[in-house]
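Engineer: Dropping the sequence and predicted coords here.
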Amino acid sequence: MNIPFSPPFIDQAVIDEVLDTLRANWITTGPKVKALESELLNLTGLKAAVCVNSWTSGAIMMLNWFGVGPGDEVIVPAYTYCATALCVLHCGATPVMVDILDDFTIDPEMVKRKISARTKAIIAVDIAGLPCHYEELKALVREPVVRTQFVPKTARQTSLGRILLISDAAHSIGAIYDGKPAAQQSDITIFSFHAVKNITTAEGGCICLNLPEPFDNQEEYTFLKLFSMNGQNRDAFAKSKGANWRYDILFKGFKMNMPDICAAIGLAQIKQYVNTLMPLRKIISLRYGDAFKAHDWFIEPVMQDEKREASYHLFPLRIKGITEAQRDQLIDELVIRGVNVNVHFIPMPMLTYFKSLGYAMANFPNSYKQFANEVSLPIYPQLSDAELHYITDAVIECVQLVKGTETLVKVLS
């Protein structure tokens, strides 16, 4: 067999939605984007949703919207994809990295230690689709001592009066926290619709607003739609209708809008997501757990606890007691057998660019510990029973091979 890691879910409904867009002769931002935004409001129960061309664009937009810039700090986990920190750097601010817990989520205690008068935002990352400990993070940013320490520099910062809590929900669309959509736990939630995500638009993302009073989320939605279109007060769809050609540029915006041809893919998928696509991911996750739980090397990932349920974006398999080199050997053996896997993620302080900025992996021991023995297994709705059996058998065989090699080395030494 040759089993891909994460192919996009493309069924007839997706094809029909895309063809409908092509036949309508309107492929950039228009009615399909608006329809996708409406579906996202239904899914999250939030007040406003702005589709953009990537998660990274959405994060850069919202940090700029909040006035984050040079001299400011944004707290991020060391264990995440590079975009979580790059969006901060693109604003001229400094990412302050902290370590993670064993469930891969940002450690609230470490966050607390790093808060300073320069801290403007926290970006909490829902790795593998598991929501962070938002109750603790929300309590932290609302603590009187922390609020007193907050130094606003812009009108929006003054209106909020505290550190902004952003959820990097690139993995966690549909996740649950306290019986409600997890997206309701933060001020701003940003989804990714990259090709490998639970819902894809090929490339894309969405900013979801849950801002407290005195913010008007609908007013901010209107602003952000313009902000994503160069600050132009009339989009191309409106200009195409009759004599609406005259436009104005109201402020220095970005070009980060999502086109309808992309939104069409996600629109077809999101309509199937809650009742079909995400439940199929959960079934696969549970079957992995059942297949491995009898083995003492298996570290079961947290997919559900008393407060949280993941979106089952990844199955982050971890092998007890192996080294990074052994993990790499395990991956090589699986690939030889036709099982394509991945690692989520290489901690940022291990990457050349971040090392050049002075970040050191030694300061984030738990991030390294989780990385060194993690292998992300294929998990997607179209994975067949035969493929799933093949994967689990291959994993068990390859782990035994790798750990057997370890035992042999010990005997010979």
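Structural biologist: Right, received. Where do you want to start?

Engineer: C-alpha only now, for contacts and for neighbours.
Structural biologist: Will do.

Engineer: show me where pLDDT drops low in the protein?
Structural biologist: For the chain, applying pLDDT under 70 flags the ranges 236-243, 405-413.

Engineer: and the helix ranked longest in it, what other elements does it pack with?
Structural biologist: In the chain, with assignment by DSSP state H, the single longest helix is helix 385-412. Applying 3 or more CA pairs under 8 Å, 6 or more residues apart in numbering; DSSP states H and E, one finds that helix 385-412 contacts helix 278-292, helix 324-336.

Engineer: what's the last one in contact with?
Structural biologist: By CA atoms under 8 Å, 6 or more residues apart in numbering, the residues outside helix 324-336 that reach it are Asn340, Val341, Phe371, Ala372, Asn373, Glu374, Val375, Ala394, Val395, Cys398, Val399, Val402.

Engineer: distance of the fourth one from Val146?
Structural biologist: Between Ala372 and Val146 the distance, using CA to CA, to the nearest Å, works out to 34 Å.

Engineer: host element of Val145?
Structural biologist: helix 144-149 (DSSP states H and E).

Engineer: Likewise for Ala85?
Structural biologist: Counting by DSSP H and E, Ala85 is part of helix 83-90.

Engineer: How far away from the center of its chain is that helix?
Structural biologist: Mean-position distance between helix 83-90 and its chain equals 14 Å (CA atoms, centre = their mean, to the nearest Å).

Engineer: Only the buried residues of it, if you could.
Structural biologist: Buried positions in helix 83-90, judged by neighbour count with 16 or more other CA atoms under 10 Å: Ala83, Thr84, Ala85, Leu86, Cys87, Val88, Leu89.

Engineer: where do the strands sit along the chain?
Structural biologist: Using DSSP state E, the strands of the chain run over 48-52, 73-77, 94-98, 119-125, 164-168, 176-177, 180-181, 188-192, 205-209, 298-299, 308-309, 315-319, 374-377.

Engineer: could these go into TSV alongside distance to Ala268 and mean neighbour count?
Structural biologist: Listed next are the strands of the chain as TSV, based on distance: least, CA to CA, whole Å; neighbours: other CA atoms under 10 Å:
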stretch	distance to Ala268	mean neighbour count
strand 48-52	15	27
strand 73-77	33	26
strand 94-98	36	22
strand 119-125	26	25
strand 164-168	23	25
strand 176-177	22	24
strand 180-181	20	18
strand 188-192	16	27
strand 205-209	15	28
strand 298-299	36	18
strand 308-309	24	22
strand 315-319	24	23
strand 374-377	25	23
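
Engineer: and those as TSV, adding distance to Asp248?
Structural biologist: Putting the strands of the chain into TSV (distance: least, CA to CA, whole Å) gives the following:
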stretch	distance to Asp248
strand 48-52	21
strand 73-77	33
strand 94-98	34
strand 119-125	32
strand 164-168	31
strand 176-177	42
strand 180-181	38
strand 188-192	28
strand 205-209	24
strand 298-299	57
strand 308-309	45
strand 315-319	48
strand 374-377	48
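
Engineer: ok, back up a step: okay, buried residues for the helix holding Val145 please.
Structural biologist: For helix 144-149, the neighbour count (16+ other CA under 10 Å) marks Val146, Gln149 as buried.

Engineer: what's the spacing between Lys225 and Asn233?
Structural biologist: Relative to Asn233, and taking CA to CA, Lys225 is found at 9 Å.

Engineer: Between the two, point out the one with more neighbours.
Structural biologist: Ranked by neighbour count (other CA atoms under 10 Å), Lys225 and Asn233 place Lys225 first, with 21 against 18.
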